[in-house]
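**Q** could you work out the structure for the sequence below:
(2 chains)
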2 protein chains.
Amino acid sequence: MTSGVVDVRAIDLPAVQRQVDAVLEKFLAEKARAGAGRGHPPEVVQTVRDFLTAGGKRIRALLCVVGWHAAGGHGDAAAAVRVAASLELFVAFALIHDDIMDDSVTRRGRPAVHRVMRARLGAGERAERLGAGGALLVGNLALMWAQELLHTAPIESGRQRLVHRLYDAMLEEVMYGQYLDVMGTGRSDDVEAALRIIRYKTATATVERPLQLGAAVAGADEATMEVFTRLGLPLGEAFQLRDDLLDVFGGPDGACAPGLSDLREGKRTVLLALGMQNADQVQRERLGRLVGRADLQEREAAEIRGILLATDARGETERMITARYDHVSRVLDGAGFPASADRALRGLAVKATRYTS
Amino acid sequence: MTSGVVDVRAIDLPAVQRQVDAVLEKFLAEKARAGAGRGHPPEVVQTVRDFLTAGGKRIRALLCVVGWHAAGGHGDAAAAVRVAASLELFVAFALIHDDIMDDSVTRRGRPAVHRVMRARLGAGERAERLGAGGALLVGNLALMWAQELLHTAPIESGRQRLVHRLYDAMLEEVMYGQYLDVMGTGRSDDVEAALRIIRYKTATATVERPLQLGAAVAGADEATMEVFTRLGLPLGEAFQLRDDLLDVFGGPDGACAPGLSDLREGKRTVLLALGMQNADQVQRERLGRLVGRADLQEREAAEIRGILLATDARGETERMITARYDHVSRVLDGAGFPASADRALRGLAVKATRYTS
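**A** Prediction:
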């Protein structure tokens, strides 16, 4: 851990995000150029590029670079930024595959990739099957390119093994989380099961591993890694719990409209599990009937929201977020990170758990 | 290139295969153990293990270790063997995903992975969708474990970058090949298009890259790498052309029965493209009507075989294999590889292009 150093700089997070995006843009432009020379279909790179530019908070990328700073990284951040860019391609892969499995209609406000591919092929069962196949392969290429960015990051050679080990662990965790989610047959009122899915699918991959990866690039000591482990789970859970609330209720400031996607999909969120758990007979019957209906209308969504409020499922979720944020705050109090990294971490935590989507 | 050394040893290929299988077995046993400790569903590792033990010629793994020998590798082959094992997990990934996209019924004589997953879930549309999703994730984990084997191979640190570069290039080539195959709208008599699919999807990944990966682990020079490039394409094509013949006509010695899978799937092979190209009006109409029918019967397959013989499509494919084998032989004549590696390469080439599946 770095301490005793007076650190008055701030980490310029928007600048970090621009650096990460520049790495991605340059890498994909090179892929497009090389692909054109080999006669590869240009829509593959273009689809990945569209996916990345459509949005995304780059939260993993930012955490990776902040982790590098927290572990005492200084000078040229190129290696950490490249690993951060790799994480964004990994996320693209995971979401593209997720959308195939859920047959999601949209992602980041645009048609999901398998829907784009399907539309390219016309209509009918064949287009549907081939569209999913094309998206599967585009997703695979995003993952492979993520690995290529990792492999070509200028990481000090003595630190590569640990970086690879953390990266491999992250991929495995996310896949097992998706597997539990897809194949799970858990009860809809099982809060623990919903939390377990968050843990595997989201929490470690969103916070702990990105922070540790950045730290590993900086040659972090064990103590720093351990702080990130203690901080990663609660912060990752808080992110996801906030996301779940935003999806159903929208943002507190009206910046983000409430939606229907989690409710239509019947996503096994903690919010909905709490609703089922706390519901009386009548409410439980209504939730069971409405949640997961692909043709759910806004009027019915409003009824679900009413039940989630009446059963205090929303309030309980908010309190879970607050408890996790407080826990993170206490971990940071004792971490002794450089002030710039400490500030950046607290800022990201507040931003992602309190106010925005 | 290594030359001037009198080399009287032989490479014990069955022993190499046992070493590769032992690495895979140990790695997956460790995954099962660690997974059990974390509450992961045990069927994931078991499914990958079943897939690997169901068969496969381990041709890429053998070529990888032979490439290591050819490039002068000596002493402990552990790094090359681990990279070779990684290739087999990569193949598992690619085939599992391929079978999802083609909705294949069997693979290596057993139900395809998505069919196994589907059966676990009962019947109906939901089981079908989730079965495909589960198989997708099992495939992804196989790929991630392939990467983990690569990352943990004891490769000399100065050689890691080249190994990673070759590996990343291989993955990308295979994905683009699958993409061309899945999304392709080529004409069924387009021999060049069928060869291009072989090149991307199979040829480089089956021969050139495995040989180069082994060679890179041994610290090969440029000249050796170039020999493998010159040899990889014709040998890889010959392998695939033989596979296509075996699938339709069975083995010449009756060891391998003719099947229906490529014909039912309407796989765009060179064999079938030649048949269409050489066919007269009536034959072409019959091929167009029969090939690709999911319910094709043996009597109709026999009719297709008759046309492929009458149009000399079978003979032409055989001559293409022979021309490629001769080319490989001439490249080897001038390569100056150690005698043991030379013998092993010629043996694998004969075995895979002439006699067996």
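**Q** from chain B, how far out is residue A:141?
**A** Distance, residue A:141 to chain B, using CB to the nearest CB, to the nearest Å: 5 Å. Placement of C-beta: from N, CA and C, glycine included.
**Q** what about that residue, which SS state?
**A** For residue A:141, the assignment made with DSSP: H, G, I helix; E, B strand; the rest coil gives helix.
**Q** list the contacts for it?
**A** Each residue near residue A:141 by CB atoms under 8 Å, 6 or more residues apart in numbering or on different chains is listed here: A:44, A:48, B:172, B:175-176.
**Q** hey, where'd the strands end up in chain A?
**A** A:106-107, A:110-111 (DSSP state E).
**Q** redo the ones you listed as JSON lines? Include mean neighbour count.
**A** JSON lines is the format used below for the strands of chain A (neighbours: other CB atoms under 10 Å in any protein chain shown):
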{"stretch": "strand A:106-107", "mean neighbour count": "17"}
{"stretch": "strand A:110-111", "mean neighbour count": "14"}
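**Q** per-residue pLDDT, the closest residue to residue A:329 other than its chain neighbours?
**A** Leaving aside its sequence neighbours, residue A:329 sits nearest to residue A:346 (CB to CB, 6 or more residues apart in numbering or on different chains; 7.2 Å). With respect to pLDDT, residue A:346 has a value of 94.
**Q** residue A:346 and chain B, how far apart?
**A** 30 Å.
**Q** what separation is there between that residue and residue A:325?
**A** Distance, residue A:346 to residue A:325, by CB to CB, to the nearest Å: 10 Å.
**Q** looking at the two, which one has more neighbours?
**A** residue A:325 (20 against 14; other CB atoms under 10 Å in any protein chain shown).
**Q** which residues touch the closest residue to the more buried one other than its chain neighbours?
**A** Of all residues not flanking residue A:325 in the chain, residue A:353 sits nearest, at 5.2 Å (CB to CB, 6+ apart). By CB under 8 Å, 6+ apart, the contact list for residue A:353 reads A:235, A:238-239, A:241-242, A:321, A:324-325.
**Q** swap in 10 Å and give it another go.
**A** Going by CB atoms under 10 Å, 6 or more residues apart in numbering or on different chains, residue A:353 touches A:234-235, A:237-243, A:321-322, A:324-325, A:328.
**Q** and the residues you listed, which are buried?
**A** Buried members of the contacts of residue A:353, counted by 16 or more other CB atoms under 10 Å in any protein chain shown: A:234-235, A:237-243, A:321, A:324-325, A:328.
**Q** so where is chain A shaky, pLDDT-wise?
**A** Low-confidence segments of chain A, defined by pLDDT under 70, span residues A:1-8, A:184-187, A:252-256, A:355-357.
**Q** can I get the buried ones among the contacts of residue A:353 in a markdown table including distance to residue B:163?
**A** Converted to a markdown table, the buried ones among the contacts of residue A:353 look like this (distance: CB to CB, whole Å):
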| residue | distance to residue B:163 |
| --- | --- |
| A:234 | 39 |
| A:235 | 36 |
| A:237 | 38 |
| A:238 | 40 |
| A:239 | 36 |
| A:240 | 37 |
| A:241 | 42 |
| A:242 | 42 |
| A:243 | 39 |
| A:321 | 45 |
| A:324 | 42 |
| A:325 | 44 |
| A:328 | 39 |
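**Q** and the helices in the stretch 201-350 of chain A?
**A** Along the stretch 201-350 of chain A, counting by DSSP state H, counting those that start in this stretch, helices occupy A:209-217, A:222-249, A:261-265, A:270-278, A:281-290, A:298-310, A:313-333, A:339-350.
**Q** just say which of the ones you listed is most tucked in.
**A** Highest mean neighbour count among these (mean count of other CB atoms under 10 Å in any protein chain shown): helix A:209-217, with a mean of 30.
**Q** residue closest to the middle of chain A?
**A** Nearest to the geometric centre of chain A sits residue A:206, at 5.1 Å (CA atoms, centre = their mean).
**Q** ok, now which ones touch that residue?
**A** Here residue A:206 is in contact with A:59-60, A:63, A:87, A:91, A:170, A:174, A:198, A:232, A:235-237, A:239-240, A:243, A:352 (CB under 10 Å, 6+ apart).
**Q** next: residue A:168.
**A** Applying CB under 10 Å, 6+ apart, the residues contacting residue A:168 are A:147, B:144-145, B:147-152.
**Q** among the contacts of residue A:206, name the ones that also lie close to chain B.
**A** When contact is defined as CB under 10 Å from any CB of the partner chain, those meet chain B at A:170, A:174.
**Q** from the contacts of residue A:206, which is closest to residue B:40?
**A** Residue B:40 lies nearest to residue A:174 out of the contacts of residue A:206, by CB to CB, at 12.4 Å.
**Q** skip the chain neighbours and tell me the closest residue to the closest one.
**A** Residue A:174 sits nearest to residue A:205 (CB to CB, 6+ apart), 4.8 Å away.
**Q** tally up the residues packed near the one you found, please.
**A** 25.
**Q** ok now do it, which residues does it touch?
**A** Counting by CB under 10 Å, 6+ apart, residue A:205 touches A:60, A:87, A:90-91, A:94, A:169-171, A:173-175, A:177, A:199, A:232, A:236.
**Q** at 8 Å what do you get?
**A** A:60, A:94, A:170, A:173-174, A:177, A:236.
**Q** cool, and residue A:134?
**A** Counting by CB under 8 Å, 6+ apart, residue A:134 has contacts A:114, A:117, A:120-121, B:179, B:182-183.
**Q** just the buried ones from these, in ChimeraX syntax?
**A** Of the contacts of residue A:134, the buried ones go into a single ChimeraX selection, burial set by 16+ other CB under 10 Å:
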select /A:114,117,121 /B:179,182,183
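**Q** so which of the strands of chain A is nearest residue A:228?
**A** Here strand A:106-107 is closest among the strands of chain A (CB to CB), at 28.6 Å.
**Q** mind listing residues that contact that closest one?
**A** A:51, A:54, A:95, A:99, A:112-113, A:115, A:261.
**Q** which of those has the most neighbours?
**A** residue A:113 (28 neighbours).
**Q** so that residue makes contact with residue A:139?
**A** Yes - applying CB atoms under 8 Å as the test, residue A:113 and residue A:139 come out as touching, 7.3 Å apart.
**Q** mutual contacts of those two, please.
**A** By CB under 8 Å, 6+ apart, the residues touching both residue A:113 and residue A:139 are A:96, A:100.
**Q** closest to chain B out of the contacts of residue A:353?
**A** residue A:237 (17.2 Å; CB to the nearest CB).
**Q** contacting residues around the closest one?
**A** Contact partners of residue A:237, counting by CB under 8 Å, 6+ apart, are A:195, A:198-199, A:203, A:320, A:324.
**Q** could the helices of the stretch 201-350 of chain A go into a markdown table alongside distance to residue A:107?
**A** Shown next, in a markdown table, are those (distance: least, CB to CB, whole Å):
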| stretch | distance to residue A:107 |
| --- | --- |
| helix A:209-217 | 21 |
| helix A:222-249 | 13 |
| helix A:261-265 | 10 |
| helix A:270-278 | 21 |
| helix A:281-290 | 24 |
| helix A:298-310 | 20 |
| helix A:313-333 | 24 |
| helix A:339-350 | 23 |
